[in-house]
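Novice: Sharing a model prediction with you, sequence too.
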Amino acid sequence: MGSRVDVFASIRRDARVEGLSVRELARRHKVHRRTVRQALASAEPPARKTPARVSPKLDPFKPAIDEMLTADLSAPKKQRHTAIRIFARLIDEHGATDLSYSTVRDYVRARRPEIDAAAGRRADAFVPQEHAPGAEAEVDFGEVWVILAGVKTKCHMFAFRLSYSGTAVHRVYSTEGQEAFLEGHIDAFETIGGIPTRHIRYDNLTSAVTKVIYGNGRRRTENPRWVLFRSHYGFDSFYCQPGIEGAHEKGGIEGEVGRFRRTWLTPMPVVDSLAELNEKIRDWDERDQRRRISSRLRIVGDDFALEQPLLAALPFERFDPGLTLLPRVDRSSLVTVRMAKYSVPAKYVNRPVRVALRASEVVVFSGRTIIAKHPRVIAKGGQSVDLDHYLEVLQHKPGAMPGSTALAQARAAGTFTAAHEAFWAAVRKTDGDAGGTRQLIDVLLLHRSIAAADVVAGITAALSVGAVTADVVAVEARRHAAQNGSGPTIRPVTHIPLDERRVISLTQRRLVDPAAVIAGLPPDTRPLPSVASYDDLLRLSRKPQEQPPSEEKGTGS
């Protein structure tokens, strides 16, 4: 196109300056006289004609394709012909074995809008919207897959997006139930430091809407707990129309879910827990503040800095998003919540308790006292069992310890360490299986009042000298806690350095072992014990007996 413009300009210049004829201009510029006349008539070259492409192989089948597309006008949306289906029908029903899929696809793409327009169907059009700062937000859920503790797991991502700045908050939960819905809102409000002043847009989620009242605009029957939540935080809800029309009413969050999933959750994240994943997501959300949306002049973070002061303030009290349940503790000291089991202390067997079911954890109450707290179990039929809840029972039934589910889970979680294993093995050699297990349980009970690191240090100190008793472990654990400032202060002995080992066996001390000297113990100068005095007692236990006097014989007279 550019070369023809140059030729036309040269022709017009020569005709204007030199007054050359059409024939002479055609000869000089080596073009047809028709081109010269076009150049003299207009400085812009005429558009090239695009030749109509013929498709002799497709022409016999165009009526059949048009018939299928016309039938789609009255068919349900999800049962209309795709180009692939039309291509398959042409092969099966019309013997179109010489056609290529691309030929059919291109024809369907061009022909479908023409048939829709002829039938009076309007093409979808969108109206750009302006959003006031701090006024509106959008919320939605999206599915994500995560490699969770080595298992490919389907999870649900809560997404909250401010309409003005595009600032978004994301959280991944094992469920999209109401507890996750509410907890996601609370995290979002606390992250952005406020609440939209106008409304938040939603789909007709069952967590919020129990019934859509058709024929009455946007009226909905809302879930009572959701109404309580909205009232607590002081915002209004805007419910979109059901179906694809409603998705267009909150296109910002629809696109945000896909963008975040493609940007940060592809490939599938590999984590040990959802808490670990959500910590990463908080960092990703912060990094997204530096991105720019389409043709905006400022980055998201700059727009949010203008919007944040205009948000409504958070309420003084935090709403409890947990769903309240009232199960009864079974004989195994477990409560069943949403097809999963969680342990509580054994003293609550056969008693009702109150459970707060949250998106990420399960909290069990007796009255107002928290008696157990567990991460929420994702798998149906799964269990979360705390070994500490069974220690009092195991004191009376030590034989149940080796094969218990609680012990297996403690080993898997790493709370039952190699130090515990070594102590258990050593104490069973001296006290037997039952006695050794009871000693171990006494050590495990120390975890209720002493930090785990201090208890492990106490176990290590006891094992180093073979003093495998719970009492020694307790003394050394408390001493270690005092040295590190994590427990009550114990007055140290002045001649023993605090950074050295405190447990020394009596045999080592008596033999003046180097370890005892290093530990600062004075030598034992007492004489070795002797049993010689007992031998003297045996020799002096009885005096020699005197001979009895002999009887004199009488003499006869």
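Specialist: Cool, the structure landed. Residues are numbered from 1 along each chain as shown.

Novice: Regarding the chain, what is its longest helix?
Specialist: Looking across the chain with DSSP state H, the single longest helix is helix 418-445.

Novice: now for that one, which elements pack on it?
Specialist: Contact partners of helix 418-445 among helices and strands, from 3 or more CB pairs under 8 Å, 6 or more residues apart in numbering; DSSP states H and E: helix 391-396, helix 452-465, helix 470-483. Backbone N, C-alpha and C define where each C-beta goes, glycine included.

Novice: Run the chain-centre distance for it.
Specialist: The chain centre lies 37 Å from the centre of helix 418-445; the measure is CA atoms, centre = their mean, to the nearest Å.

Novice: shaky segments in the stretch 451-557 of the chain?
Specialist: 486-524, 540-557 (pLDDT under 70).

Novice: Could you tell me how many residues sit around residue 60?
Specialist: Residue 60 has 11 neighbouring residues, counting by other CB atoms under 10 Å.

Novice: With the one 4 residues further on instead?
Specialist: The local packing of residue 64 (other CB under 10 Å) involves 15 other residues.

Novice: same thing with residue 434?
Specialist: Other residues near residue 434 come to 13 when the count uses other CB under 10 Å.

Novice: in the longest helix of the chain, what's buried?
Specialist: Within helix 418-445, the residues scored as buried using 16 or more other CB atoms under 10 Å are 419-420, 423-424, 426-428, 431, 436-445.

Novice: got it, and stretch 110-125?
Specialist: If you call a residue buried by 16+ other CB under 10 Å, then stretch 110-125 has these buried ones: 112, 115, 116.

Novice: would you turn those residues into CSV with pLDDT?
Specialist: Formatted as CSV, the buried residues of stretch 110-125 follow (pLDDT from 0 to 100):
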residue, pLDDT
112, 91
115, 90
116, 87
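
Novice: Give me the subset of those that lies in strands.
Specialist: Among these, none falls in strands (DSSP state E).

Novice: closest to residue 287 among these?
Specialist: residue 112 (41.8 Å; CB to CB).

Novice: Wait, the closest one touches residue 68, no?
Specialist: No - assessed by CB atoms under 8 Å, residue 112 is found out of contact with residue 68, at 10.0 Å.

Novice: Tell me how far residue 379 lies from residue 300.
Specialist: Note on residue 379: its distance to residue 300, by CB to CB, to the nearest Å, is 37 Å.

Novice: Neighbour count: those two, which is higher?
Specialist: The neighbour count for residue 379 versus residue 300, taken as other CB under 10 Å, is higher for residue 300 (19 against 11).

Novice: Verify the contact between that one and residue 287 for me.
Specialist: No - under the criterion of CB under 8 Å, residue 300 is not in contact with residue 287, lying 10.4 Å apart.

Novice: Tell me which helix or strand in the chain has the weakest average pLDDT.
Specialist: Using mean pLDDT, DSSP states H and E, the weakest-scoring helix or strand in the chain turns out to be helix 514-518, at a mean of 49.

Novice: which one is the spatially most central residue of the chain nearest to, not counting chain neighbours?
Specialist: Most central residue of the chain, judged by C-alpha distance to the mean C-alpha position with CA atoms, centre = their mean, is residue 274 at 2.2 Å. Excluding the flanking residues, the one nearest residue 274 by CB to CB, 6 or more residues apart in numbering is residue 172, at 5.8 Å.

Novice: That neighbour and residue 324, how far apart?
Specialist: Taking CB to CB, one finds residue 172 at 24 Å from residue 324.

Novice: Residue 201 - that's part of a strand, no?
Specialist: Yes - counting by DSSP: H, G, I helix; E, B strand; the rest coil, residue 201 falls inside a strand.

Novice: Next up, the contacts around it.
Specialist: Applying CB atoms under 8 Å, 6 or more residues apart in numbering, we find residue 201 in contact with 136, 137, 138, 139, 238, 239, 240, 249, 250, 253.

Novice: quick one: which of the residues you listed has the most company?
Specialist: In terms of neighbours by other CB under 10 Å, those top out with residue 137 at 31 neighbours.

Novice: Parallel or antiparallel, which strands does the helix or strand encompassing that residue pair with?
Specialist: Secondary structure assignment for residue 137, by DSSP states H and E: strand 136-148. Strand 136-148 has the following strand partners under DSSP bridges: strand 151-162 (antiparallel), strand 199-202 (parallel), strand 270-271 (parallel).

Novice: hmm, who's touching stretch 263-271?
Specialist: With CB under 8 Å, 6+ apart, stretch 263-271 has contacts from 144, 145, 146, 147, 148, 149, 152, 157, 277, 280, 281, 284.

Novice: In CSV, list the C-alpha atoms belonging to the host helix or strand of residue 534.
Specialist: Per DSSP H and E: residue 534 is located in helix 532-539. Taking Å, rounded to 0.1, in the frame of the first residue of the first chain, the C-alpha atoms of helix 532-539 are listed here in CSV:
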residue,chain,number,x,y,z
ALA,A,532,34.5,-56.7,107.8
SER,A,533,32.6,-55.5,110.9
TYR,A,534,29.9,-57.9,110.1
ASP,A,535,32.4,-60.8,110.0
ASP,A,536,33.6,-59.8,113.5
LEU,A,537,30.1,-60.0,114.8
LEU,A,538,29.8,-63.5,113.4
ARG,A,539,33.0,-64.6,115.3
